[in-house]
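K.L.:
heads up, no residue letters with this:
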């Protein structure tokens, strides 16, 4: 296990999920005008997050080059780095991501909600361009790539929505939270549905339906089972928030706020743990041992 590379991949996934998910959720949940007003309060930290994402993208690329050469991260083997940038899907995806993140910085400073959401989503789906789906060919390859990109956006929307709710719950006014809570149910439900469908498509494409019964015999399958268990725990927490804590907040916001904040914090923590597992899974051959 290459722990530094896994942590770098996790950092990339977490940063991109927030970069895409926060403005997209604000747009969907609050509308353009109110969403922009809320985003304006986050301009500086969001711009710093974009800069961090650029740094993580470069470090992740250098770690990949070092892994190919078997050498240290520094000094960089410029010949191999140039080859990876020009001739591999991962290199091209990293370049596209850097350009999109750079474009997003002035958008964040202007709180340009809709353009920022679009650019953030495009930056996030570069993860799929460098993933397992990048090796597909023909119609099956296109279906796999589309499913992977939708999977990334759905996960980002769910994670970004939880981050927005946590930030809103820090404000004392209940009216600032209620619209987001009401909107999170359909948005989160749609995200979960898309995650399930695209997850099944990705699994079938990566491993093959005929190999599903053998997956638990492999490291990849055991990690995938752990990821699914964590996803199930998130669903249980989301159901508790939706059907117990949200109605309580509508009636007695003061009583429900601490419990709702704790529940969303735990749910978001599990979501981030899943991203760590995704970073690990991306470094394992899915068919090894099958």
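P.N.:
Good, I have the coordinates. Note that the structure is predicted; figures quoted are calculated from it, not measured.
K.L.:
lowest-pLDDT helix or strand in this protein?
P.N.:
Within the chain, confidence by mean pLDDT, DSSP states H and E is lowest for helix 78-87 among all helices and strands, at a mean of 85.
K.L.:
which strands and helices sit next to it?
P.N.:
In terms of contacts (3 or more CB pairs under 8 Å, 6 or more residues apart in numbering; DSSP states H and E), helix 78-87 is packed against helix 43-69, helix 89-109. Where C-beta positions appear, they are placed from N, C-alpha and C, glycine not excepted.
K.L.:
list the contacts of residue 205.
P.N.:
When contacts are counted by CB atoms under 8 Å, 6 or more residues apart in numbering, residue 205 touches 132-133, 136, 140, 143-144, 147.
K.L.:
kindly recompute the last result at 10 Å.
P.N.:
By CB atoms under 10 Å, 6 or more residues apart in numbering, the contact list for residue 205 reads 132-133, 135-136, 140-141, 143-145, 147-148, 286.
K.L.:
one more: residue 21?
P.N.:
117, 120-121, 124, 153-164, 191.
K.L.:
just the element for it, please.
P.N.:
Applying DSSP states H and E as the criterion places residue 21 in helix 3-40.
K.L.:
where are the low-confidence patches of the stretch 151-290 of the chain?
P.N.:
287-290 (pLDDT under 70).
K.L.:
let's see 90
P.N.:
In the prediction, the stretch 151-290 of the chain carries residues with pLDDT under 90 at positions 170-180, 182, 185, 202-221, 250, 252-256, 282-290.
K.L.:
can you map out the helices along it?
P.N.:
Taking DSSP state H, counting those that start in this stretch, the helices of the stretch 151-290 of the chain run over residues 178-206, 219-240, 246-251, 253-281.
K.L.:
circling back to that earlier point, buried only: go through the contacts of residue 205 for me.
P.N.:
132-133, 136, 144-145, 147-148, 286 (16 or more other CB atoms under 10 Å).
K.L.:
and which of those is nearest residue 220?
P.N.:
Residue 220 has its nearest neighbour among the buried ones among the contacts of residue 205 in residue 286, at 4.7 Å by CB to CB.
K.L.:
and the most centrally placed residue in the chain, how close does it get to residue 114?
P.N.:
Nearest residue to the geometric centre of the chain (CA atoms, centre = their mean): residue 17, 3.3 Å. Note on residue 17: its distance to residue 114, by CB to CB, to the nearest Å, is 19 Å.
K.L.:
repeat that for residue 219.
P.N.:
42 Å.
K.L.:
same check, this time on residue 191
P.N.:
Residue 191 is 19 Å from residue 114, by CB to CB.
K.L.:
higher neighbour count, those two?
P.N.:
Each of residue 191 and residue 114 has its neighbours counted (other CB atoms under 10 Å); residue 191 has more, 23 against 15.
K.L.:
residues in contact with that one?
P.N.:
Counting by CB under 10 Å, 6+ apart, the residues that residue 191 touches are 21, 25, 153-161, 184, 238.
K.L.:
pick out the most distant pair among those.
P.N.:
The most distant members of the contacts of residue 191, if one measures by CB to CB, are 153 and 238, lying 18.0 Å apart.
K.L.:
still on that earlier bit, tell me which residues of the helix holding residue 21 come out buried.
P.N.:
5-30, 34-36, 38-39.
K.L.:
ok, stretch 254-262 next?
P.N.:
In stretch 254-262, counting by 16+ other CB under 10 Å, buried: 256-257, 260-261.
K.L.:
kindly report the same for stretch 102-118.
P.N.:
104-105, 107-108, 111-113, 116-118.
K.L.:
ok, of these, which one's closest to residue 196?
P.N.:
residue 117 (23.4 Å).
K.L.:
for the closest one, phi and psi?
P.N.:
Dihedral pair for residue 117: phi -60, psi -40, per degrees, to the nearest 10.
K.L.:
quick one: contacts for it?
P.N.:
Taking CB under 10 Å, 6+ apart as the test, what residue 117 contacts is 19-28, 32, 35, 39, 104, 107, 157, 160.
K.L.:
where does the prediction get shaky in the stretch 1-150 of the chain?
P.N.:
Within the stretch 1-150 of the chain, the segments meeting pLDDT under 90 span 1-5, 32, 60-91, 129-142, 144.
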